[in-house]
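Visitor: output the structure for:
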Amino acid sequence: MLIELSVFCMINIDQPARHTGVAILNLGFRPFFTGAAVFAVLSMLAWMGMYGFGVSWPQAALPAMLWHAHEMIFGYGMAVIAGFLLTAVKNWTGVQTLYGIPLLLLALLWLAARLLLLAGGAGVLAWAALADGLFNLLLVAALAWPIFKVRQFKQFGILSKVILLMLANLLFYAGVLEIYPWGVQAGLYSGVYLILALIFVMSRRVLPFFIERGVGQPVTLVNRAWLDGASLFLFLAFWIADIIKPDSLLVAWLAGALCVLHVLRLAGWYAAGIWGKPLLWVLYVAYAAVTIGFALKVAVYVFGISPSMPLHAFTYGGIGLFTLGMMARVTLGHTGRNILEPPAATGWIFGVLLIGSVVRVVLPLFDAAHYVLWIGISQVFWVLAFTLFAWVFLPMLLQPRTDGQFG
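Guide: Residues are numbered from 1 along each chain as shown. Sure thing, here's the model as predicted:
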């Protein structure tokens, strides 16, 4: 097996000097961002039918609620992570990551798991788990090969989170296959918190850098080493506590502390110029949504609000906005376009998703009587935002770089 994984990763290390073949297979962000955008629309439309209109889907391998939760995390979320990291690792290490046929095979594994879960029936659940697990494993191998090839061990923190995401996904499947019933909730919540952990790490690496160089005026942002360490330690404790004893007093205390720490971080990163730059404010607002999620976790314990509110602040508001923003930025930058001059529709795309997150998280707090209505409206905004993203950005993903270079 190890030999097979090595061959899979090494088969096309040397890249062509210029564009050749099918553009969508030139670099990881292309097929996976395309798949993520299309899947975001289609899966939410399916969820709208199941939740809002009572449409039954007898072919689905999972109950509707579990299918939606799993596929938003390990379907959509993992596609964005795969596309981003296969592209970023190439930049970090200088080693070519998958392209061509091996990249196509990896993307098809991701797609196969999605189709099996939606239309394969309960009898193929084990096959879906196999396809998803193999996709996760090969993704880890494809990322690990260049990192270890150049001994860039500082990237192991990122790689370890992808490995843990693979284990969380397998834990979920162990639960639904009744091998380890506790694994369903533990796998899902671990998936959410590991994606948040990736957002925290990547935000700390790049968001101050993006802001300082993107606002068009000199700014000095504040980073605090003690805050970096404290937020990491407390988030690890929060994750474990919320898995073992969800929404307990300890979880509330930890969430409150994390909220304060991340408010301090956001204050240190603030620059008024971000509001004129959609590619900046979307990442900043996404981080703020996660911070609000911690505050809502406190409110679950203190005021008894639904745990769905902080969960969707983390997912719809935080993960949704952050991944959409990063997909837009990476697509522009890695297709040879100017990230300082994004398409005019970019701000509208982010704004639509932001409105949807407010509808999903905030309005039910004040008008629970129309809870189903607010969810339905937020689903419409999600579909609209990703449809607009696909309309604007898919042509870039499907066409060669504007400068003719490979990638």
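Visitor: would you mark the buried spots in stretch 275-292?
Guide: 277-292 (16 or more other C-beta atoms under 10 Å). Where you see a C-beta, it was placed from the backbone N, CA and C, and this is true even at glycine.
Visitor: next: stretch 21-35.
Guide: For stretch 21-35, the neighbour count (16+ other C-beta under 10 Å) marks 23-35 as buried.
Visitor: and for stretch 354-364?
Guide: In stretch 354-364, counting by 16+ other C-beta under 10 Å, buried: Leu354, Gly356, Ser357, Val358, Val359, Arg360, Val361, Val362, Leu363, Pro364.
Visitor: state the mean pLDDT of that stretch.
Guide: In this model, stretch 354-364 has an average pLDDT of 98.
Visitor: just the CA coordinates for it, please, in CSV.
Guide: The C-alpha coordinates for stretch 354-364 follow below in CSV (Å, rounded to 0.1, in the frame of the first residue of the first chain):
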residue,chain,number,x,y,z
LEU,A,354,-23.5,37.2,4.5
ILE,A,355,-27.2,38.1,4.4
GLY,A,356,-28.0,34.4,4.3
SER,A,357,-25.9,33.7,7.4
VAL,A,358,-27.6,36.5,9.3
VAL,A,359,-31.0,35.1,8.3
ARG,A,360,-29.9,31.6,9.4
VAL,A,361,-28.3,32.5,12.7
VAL,A,362,-29.8,35.8,14.0
LEU,A,363,-33.4,35.9,12.9
PRO,A,364,-34.4,32.7,14.6
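Visitor: and that stretch, how far out from the chain middle?
Guide: Using C-alpha atoms, centre = their mean, to the nearest Å, the distance from the centre of stretch 354-364 to the centre of the chain it belongs to is 19 Å.
Visitor: ok, which stretches of the stretch 1-150 of the chain are helices?
Guide: For the stretch 1-150 of the chain, the helices defined by DSSP state H, counting those that start in this stretch cover 2-10, 29-53, 64-70, 78-93, 101-119, 125-149.
Visitor: the longest helix in the protein is where?
Guide: The residue-count maximum for a helix in the chain (DSSP state H) belongs to helix 183-214.
Visitor: which element follows that one toward the C-terminus?
Guide: Where DSSP states H and E defines the elements, the next helix or strand beyond helix 183-214 is helix 225-244.
Visitor: tell me the helices and strands packed up against the very next helix or strand once past that next one.
Guide: Next in sequence after helix 225-244, counting helices and strands by DSSP H and E, comes helix 249-268. Judged by 3 or more C-beta pairs under 8 Å, 6 or more residues apart in numbering; DSSP states H and E, helix 249-268 is in contact with helix 225-244, helix 278-303.
Visitor: any idea of the mean pLDDT in helix 249-268?
Guide: pLDDT averaged over helix 249-268 gives 98.
Visitor: repeat for stretch 208-226
Guide: For stretch 208-226, the mean pLDDT works out to 94.
Visitor: ok now it, how far from the chain's centre?
Guide: Relative to the centre of its chain, stretch 208-226 is centred 24 Å away, using C-alpha atoms, centre = their mean.
Visitor: try stretch 41-58
Guide: The chain centre lies 21 Å from the centre of stretch 41-58; the measure is C-alpha atoms, centre = their mean.
Visitor: can you give me the buried ones in it?
Guide: For stretch 41-58, by 16+ other C-beta under 10 Å, it's Val41, Ser43, Met44, Ala46, Trp47, Met48, Met50, Tyr51, Trp57.
Visitor: got the contact list for it?
Guide: 64, 68, 71-72, 75-76, 114, 118, 121, 372, 375-376, 379-380, 382-383, 386-387, 390 (C-beta atoms under 8 Å, 6 or more residues apart in numbering).
Visitor: stretch 163-180: which residues count as buried?
Guide: 163, 165-166, 168-176, 180.
Visitor: for Leu106, find the nearest of the helices and strands packed on helix 249-268.
Guide: helix 278-303 (26.6 Å; C-beta to C-beta).
Visitor: helices or strands next to the helix or strand following the closest one in the packing?
Guide: Per DSSP H and E, the first helix or strand lying C-terminal to helix 278-303 is helix 308-312. Judged by 3+ C-beta pairs under 8 Å, 6+ apart, helix 308-312 is in contact with helix 278-303, helix 346-361.
Visitor: nearest spatial neighbour of the residue nearest to the spatial centre of the chain, skipping sequence neighbours?
Guide: Nearest residue to the geometric centre of the chain (C-alpha atoms, centre = their mean): Gly77, 3.7 Å. Using C-beta to C-beta, 6 or more residues apart in numbering and skipping the chain neighbours, the partner closest in space to Gly77 is Ile195 (5.3 Å).
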